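Trainee: Below: sequence and its predicted model.
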Amino acid sequence: MSFSDIRLEEKQQAFAELREIKTLLASRGMFPGTSGNLSIRTGAFAKEQFAFAITASGKDKSVNTPSDYLLVDQDGKPIEATGLKPSAETLIHCEIYKHTGCGAIFHVHTVFNNLASELFWERGSIPVDGVELIKAFNIWEEEAQIEIPILPNYADIPRIAELVEGAIQPRIPGIMLRKHGIYAWGANAFEAKRHLEAFEFLFEYVYRWALLNK
Ligand SMILES: CSCCC(=O)C(=O)COP(=O)(O)O
Ligand SMILES: [Zn+2]
């Protein structure tokens, strides 16, 4: 595969899908202070070589402009001439694509995901017991118990990226960065959105439940 095989329509479709999910999540106040980033895979996927569309760095994600997205390769380098800079966290997306084969990754910072990550930091994962929305991850057993992994929030993104492979849990489509935000992924944008919404519900639940039991 060569990146020139990514057809204009594929790129435009990925950008349009990103715009749709960005607009929706922005309407829910999920990108405070320019935080958050979103990506969708384009073209064929091979573990060694792939490409994805990602939000440009530092943009106000609650505003739509003609220059919000760009295409990058498996190493996070732009694959076409652009004045845009990919998200500062692109390397984390690269690792998630490489090790899961997923089709879309959405990252948001919320108060509840930050609180839950700090509450359970020493445990290394956020436990959720028997909450119905676990089924959004396609885990259908009764009273399922899951652990959502938490990674340290190093300032140096490559240091975080190198921990991603070891943190990925086969059944759990997400990784939390401590006091930073959730990375949720899925086979496509529809699934990544479902997972993101479920994580956010579960983070709020575990935090409030912990307070009730203090
Ligand atoms: C002001 S948010 C700090 C950076 C961050 O965590 C984030 O999600 C946004 O970074 P980007 O480069 O993708 O705009
Ligand atoms: Zn972030």
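Mentor: Thanks, I have it. Ligands and ions are numbered 1, 2, ... in the order given.
Trainee: hey, let's count contacts and neighbours off CA atoms from now on
Mentor: Noted.
Trainee: how distant is the helix ranked longest in the chain from the center of its chain?
Mentor: Using DSSP state H to define each element, the chain has its longest helix at helix 189-212. On the basis of CA atoms, centre = their mean, to the nearest Å, helix 189-212 sits 13 Å off its chain's mean C-alpha point.
Trainee: Now do that helix: which elements does it pack against?
Mentor: helix 8-27, strand 104-108, helix 111-119, strand 125-129, strand 181-186 (3 or more CA pairs under 8 Å, 6 or more residues apart in numbering; DSSP states H and E).
Trainee: Please save the CA atoms from that helix in PDB.
Mentor: In PDB, the C-alpha atoms belonging to helix 189-212 read as follows (Å, rounded to 0.1, in the frame of the first residue of the first chain):
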ATOM      1  CA  ALA A 189     -16.600   6.200  14.900                       C
ATOM      2  CA  PHE A 190     -20.000   4.800  15.900                       C
ATOM      3  CA  GLU A 191     -18.400   2.300  18.300                       C
ATOM      4  CA  ALA A 192     -15.700   4.700  19.600                       C
ATOM      5  CA  LYS A 193     -18.500   7.100  20.500                       C
ATOM      6  CA  ARG A 194     -20.500   4.400  22.300                       C
ATOM      7  CA  HIS A 195     -17.400   3.400  24.300                       C
ATOM      8  CA  LEU A 196     -16.500   7.000  25.100                       C
ATOM      9  CA  GLU A 197     -20.000   7.700  26.400                       C
ATOM     10  CA  ALA A 198     -20.000   4.500  28.500                       C
ATOM     11  CA  PHE A 199     -16.600   5.400  30.000                       C
ATOM     12  CA  GLU A 200     -17.800   8.800  31.000                       C
ATOM     13  CA  PHE A 201     -21.000   7.400  32.600                       C
ATOM     14  CA  LEU A 202     -19.000   4.800  34.500                       C
ATOM     15  CA  PHE A 203     -16.400   7.400  35.700                       C
ATOM     16  CA  GLU A 204     -19.200   9.600  37.100                       C
ATOM     17  CA  TYR A 205     -20.800   6.500  38.700                       C
ATOM     18  CA  VAL A 206     -17.700   5.200  40.400                       C
ATOM     19  CA  TYR A 207     -16.700   8.700  41.700                       C
ATOM     20  CA  ARG A 208     -20.200   9.400  43.100                       C
ATOM     21  CA  TRP A 209     -20.400   5.900  44.500                       C
ATOM     22  CA  ALA A 210     -17.100   6.300  46.300                       C
ATOM     23  CA  LEU A 211     -18.300   9.600  47.800                       C
ATOM     24  CA  LEU A 212     -21.500   7.900  49.100                       C
END
